[in-house]
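Asker: Give me a model of this one.
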Amino acid sequence: VQLVESGGGLVQAGGSLRLSCAASGLTFGTYAMAWFRQAPGKEREFVAAISRGSGSTRYADSAEGRFTISRDNAKNTVYLQMNSLKPEDTAVYYCAAGFLTMTSADSYGYWGQGTQVTVSS
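Answerer: Residues are numbered from 1 along each chain as shown. Next up is the predicted model:
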């Protein structure tokens, strides 16, 4: 199983980024997908999750209203559209695959290597 994130970078506060996570080696449509992030010196935290058929999404309070998670099962890819970015969104962003749209990192069995997002003030 391989999850490969892309789309990170440096952006000014108020800007936008779209992260992508391409999955291979698993039956993508049978997995819930999620994004987590980890800032320096902090624990990994939940950002957003989407169910297998895109019928259900969950967001952290910090992401609600600014971030949108989506997926394209035909392309084996999950996305995270991030708008109105803030300096406190600076972190390494990871995608993960699991069976349910849970907020706990322990619920996800497969992880990508992460992509850095840096938001300057």
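
Asker: hey, where'd the strands end up in this structure?
Answerer: For the chain, applying DSSP state E gives strands covering 2-6, 9-12, 17-24, 32-38, 45-50, 57-59, 67-72, 77-82, 91-98, 108-111, 115-120.

Asker: Can you tell me how far the residue nearest the centre of the chain is from T115?
Answerer: Among the residues of the chain, the one closest to the centroid is W35, at 2.4 Å (C-alpha atoms, centre = their mean). Taken as C-beta to C-beta, to the nearest Å, the spacing of W35 relative to T115 amounts to 10 Å. (Each C-beta comes from the backbone N, C-alpha and C, glycine too.)

Asker: Ok, F36 next?
Answerer: In this structure, F36 and T115 are 12 Å apart, going by C-beta to C-beta.

Asker: neighbour-wise, which of the two wins?
Answerer: Taking neighbours as other C-beta atoms under 10 Å, F36 and T115 compare with F36 leading, 25 against 22.

Asker: Apart from its neighbours in sequence, what residue is nearest L3?
Answerer: If you skip the residues right next to it in sequence, L3 has G112 as its closest partner in space, 3.6 Å away by C-beta to C-beta, 6 or more residues apart in numbering.
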